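Chemist: sequence unknown, structure follows:
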C-alpha cells in the first residue's frame, strides 16, 4: 500500500512493545504480595480465556462479511485484539519476573521491609497516616498502598518503630516518625 494514504503525524499501527509506566529498577526483582500476584493472574486469565476468544470469534465473523476496509467490526476488533495481546505480553512478563513475598509469614520485627504496614506521624504537620509497602503493580495511594520504590517507601525502609526519617519532596523535606510496624496479609 502506498504511503500516500497515511497521515505523517499518525504513528504506524504496528505491534510496538507496551510502554511500561511502572518500570522495575534495573537489577531488582519484581516484588509482589500474594494478593497483587493473584490480581495480575486473574486479569491475565480473564483476557486470555474470556475476552480474547470472544474477540477472535467476532473478528472472524466480521472478516467473513466481505470488504474489510470499511468493516467497522473487523477494524475495531483487530485493533482491540492488538491491545489485548500487548497487555497479555506485559502481564506475562510481570508474572514471570514476580517474586511473591507474603508479609503474613514474615518473622515478627519492628523494622520496615517490603509488605509492612506502617503507622507514620508527620512531625511537621502533626498528621497521622498508615501506609502499606507493596509491589509496583499494586500501588494505590487512595487505599494507603505505596510502591516499594516510591520516595516514601525508600525513606521508611529499614527504619524501626520510634525512628524518625526524612522524606525529600519537591515541596521540601518532611520529618516522619515511625509509630508502629506490623506485617499481615493484605487483601
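Modeler: Ah, there it is. Only a predicted model underlies this, so the values are computations on that prediction, with no experimental measurement involved.
Chemist: Run me through the strand neighbours of the longest strand along the chain, direction for each.
Modeler: Longest strand in the chain, counting residues (DSSP state E): strand 172-183. Applying DSSP bridges, strand 172-183 is found paired with strand 116-122 (antiparallel), strand 164-169 (antiparallel).
Chemist: That one: which residues count as buried?
Modeler: 174, 176, 177, 178, 181, 182, 183 (16 or more other C-beta atoms under 10 Å). Yep, even glycine has a C-beta here, placed from its N, CA and C like the rest.
Chemist: tell me which of those residues is nearest to residue 87?
Modeler: For the buried residues of strand 172-183, the minimum distance to residue 87 (C-beta to C-beta) is 31.7 Å, reached by residue 183.
Chemist: Any regions of this protein where pLDDT drops low?
Modeler: The model of the chain has pLDDT under 70 over residues 1-22.
Chemist: Quick check: end-to-end length of stretch 120-127?
Modeler: Terminal residues of stretch 120-127 lie 8 Å apart, using C-alpha to C-alpha, to the nearest Å.
Chemist: Over to stretch 93-106?
Modeler: End-to-end distance for stretch 93-106: 26 Å, by C-alpha to C-alpha.
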